[in-house]
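give the three-dimensional model of this entry:
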Amino acid sequence: MQWHIPAKPVTARIAALLAAAMLFLIPWTDTAAAHGSIVDPASRNYSCFDRWGSDHLNPDMAQEDPMCWQAWQDNPNAMWNWNGLYRENVGGNHQGAIPDGTLCSGGNTEGGRYDSLDAVGPWHTTDVGSDFTVELYDQASHGADYFQVYVTEEGFDPSTQPLTWGDLELVEETGAYPPAQNISFDVSAPGRSGHHVVFTIWQASHLDQSYYLCSDVNFG
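Numbers count the residues shown, from 1 in each chain. Next up is the predicted model:
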């Protein structure tokens with residue numbers, strides 16, 4: 001179990017992108033009420049925000065990054081609010097609350113704001129090995145009751161198949177973490193190659209508030 005002081009490169013990048021977002025006058029959640037997300041391997045909406053937040057009107061995104069393009073077109077607030085994909089009062093019954101095919105949106109969270117994250121296709125991936133580190137950035141320092149990390153089983157193809165609970169293997173369940181902006185922990189998911197989805201459940205400590213976060217990875 002470990003927790004970390006804020007990582008300057010991550011926070012500096014986020015601050016720069018948030019400043020860029022203001023220039024475009026698109027509505028997004030006030031950082032005073034902000035929450036967090038998995039930033040490495042990056043969750044789908046954080047990844048789209050990180051790479052395109054300061055250039056989200058660039059038409060080249062349609063060819064260079066089609067999954068982020070469809071997400072930006074569907075609902076830009078899914079990216080501006082990359083830190084707000086959560087549900088409340090689930091009571092630990094995650095599979096009961098989140099239907100198959102809607103895991104990456106947290107089960108149609110926020111009136112469908114994040115539905116584009118469930119889209120099937122060639123999402124941008126982060127290269128990882130069998131052993132890798134999951135990093136949370138939490139602006140509000142909520143802490144965690146626990147994290148549960150699932151990885152899709154070998155043979156699953158995120159570019160053609162919707163994500164279901166039956167496609168996932170639980171590879172890590174942590175204990176509690178005290179409040180901090182940066183939390184990281186190691187996971188192991190051997191026997192995989194190519195494009196997979198890392199599905200992280202972050203149970204925040206301050207309320208019964210559960211975050212559901214899909215990160216696309218490439219096992220080398």
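
quick one: residues contacting residue 104.
Each residue near residue 104 by C-beta atoms under 8 Å, 6 or more residues apart in numbering is listed here: 44, 114, 117-118, 163, 197, 199, 212, 214. C-betas here are computed from N, CA, C, even on glycine.

one more pass at 6 Å, please.
Each residue near residue 104 by C-beta atoms under 6 Å, 6 or more residues apart in numbering is listed here: 117-118, 214.

ok so it is a helix residue?
Yes: membership of residue 104 in a helix is supported by DSSP: H, G, I helix; E, B strand; the rest coil.

how near is it to residue 140?
22 Å (C-beta to C-beta, to the nearest Å).

next one, pLDDT for residue 14 please.
We have a pLDDT of 48 for residue 14.

do the one 3 residues further on as well
Per-residue pLDDT puts residue 17 at 47.

strands - which of the contacts of residue 104 land there?
Using DSSP state E to define strands, the subset of those located there is residue 214.

which among the contacts of residue 104 count as buried?
117-118, 214 (16 or more other C-beta atoms under 10 Å).

confirm for me that residue 150 is in contact with residue 200.
No: Residue 150 is beyond contact range of residue 200, at 7.7 Å (criterion: C-beta atoms under 6 Å).

what pairs with the residue nearest the centre of the chain across the strands?
Among the residues of the chain, the one closest to the centroid is residue 43, at 2.6 Å (C-alpha atoms, centre = their mean). For residue 43, the beta-bridge partners are residue 215 (DSSP bridges).

spit out the contact partners of it.
37, 213, 215 are the contacts of residue 43 under C-beta under 6 Å, 6+ apart.

picking that back up, out of the contacts of residue 104, which is nearest to residue 100?
Nearest to residue 100 among the contacts of residue 104 is residue 118, at 10.2 Å by C-beta to C-beta.

what is the burial count for residue 127?
10 (other C-beta atoms under 10 Å).

where's the residue nearest to it when sequence neighbours are not counted, which helix or strand?
Excluding the flanking residues, the one nearest residue 127 by C-beta to C-beta, 6 or more residues apart in numbering is residue 218, at 5.1 Å. Using DSSP states H and E, the element containing residue 218 is strand 209-219.

who are the packing partners of that strand?
Applying 3 or more C-beta pairs under 6 Å, 6 or more residues apart in numbering; DSSP states H and E, one finds that strand 209-219 makes contact with strand 36-40, strand 86-88, strand 126-128, strand 194-204.
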